[in-house]
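Undergrad: Sequence and predicted structure below; questions after.
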Amino acid sequence: MDCPRVPILGSDDEKALKLAMALAFPQAPRLTCTRHLKQNFSHTLSDKVGFPSQERERFITQIFGDNGIIAHGTDHMDIADRLQHMAESTENRSVQKLIELMSPLLVENAKGLERPGLHLASPL
């Protein structure tokens with residue numbers, strides 16, 4: 001017996017769109033666009049925190065790079081643990097807060113992809 005197909009929905013973190021998707025497809029996992037998260041993270045580090053470009057790129061690569069937390073997290077708990085460790089290991093309070101704010105979205109993305117029978121073209 002086949003399971004009914006449920007779409008995986010993606011968007012930026014815009015509240016009205018997320019609400020509309022939840023109402024239209026209540027069973028569908030909703031993912032936040034990683035590209036938008038990466039851009040927002042970079043923009044905040046640059047424009048609001050004033051991080052030098054080398055430091056900013058290091059943090060972005062640690063999270064979003066090909067060998068970063070998102071690419072190599074084994075599941076949502078592993079991603080949560082890695083992000084928490086990263087937040088705790090930096091002394092910059094602004095960066096800690098930014099990681100703490102972004103972590104739930106990244107962890108929910110991983111949870112949304114941990115579905116039985118879901119086959120991805122590439123890993124998380």
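TA: In hand now; what should we look at?

Undergrad: In this structure A87 contacts M102, no?
TA: No - applying CB atoms under 8 Å, one finds A87 not in contact with M102, separated by 9.7 Å. C-betas here are computed from N, CA, C, even on glycine.

Undergrad: ok, the two, which is more surrounded?
TA: M102 (20 against 17; other CB atoms under 10 Å).

Undergrad: do you know how far the more buried one is from L23?
TA: 25 Å (CB to CB, to the nearest Å).

Undergrad: Now do the buried residues in the top helix by length along the chain.
TA: Using DSSP state H, we find that the single longest helix of the chain is helix 93-113. If you call a residue buried by 16 or more other CB atoms under 10 Å, then helix 93-113 has these buried ones: 95, 98-99, 102-103, 105-107, 109-113.

Undergrad: doesn't E108 make contact with A80?
TA: No - if you go by CB under 8 Å, A80 and E108 don't touch, sitting 10.1 Å apart.

Undergrad: Mind jotting down where the strands sit in this protein?
TA: 9-11, 30-32 (DSSP state E).

Undergrad: among these, which is the most enclosed?
TA: Mean neighbour counts were compared across the strands of the chain using mean count of other CB atoms under 10 Å; the top stretch is strand 30-32, at a mean of 18.

Undergrad: Averaged pLDDT, that one. What do you get?
TA: The average pLDDT within strand 30-32 is 81.

Undergrad: Alpha carbons only: can I get stretch 53-63 in CSV?
TA: Extracted in CSV, the C-alpha atoms of stretch 53-63 (Å, rounded to 0.1, in the frame of the first residue of the first chain):
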residue,chain,number,x,y,z
SER,A,53,35.1,39.8,5.7
GLN,A,54,37.6,37.0,6.5
GLU,A,55,35.9,36.2,9.9
ARG,A,56,32.4,36.4,8.3
GLU,A,57,33.4,34.0,5.5
ARG,A,58,34.8,31.6,8.2
PHE,A,59,31.5,31.5,10.0
ILE,A,60,29.5,31.2,6.8
THR,A,61,31.7,28.3,5.6
GLN,A,62,31.5,26.5,9.0
ILE,A,63,27.7,26.5,8.7
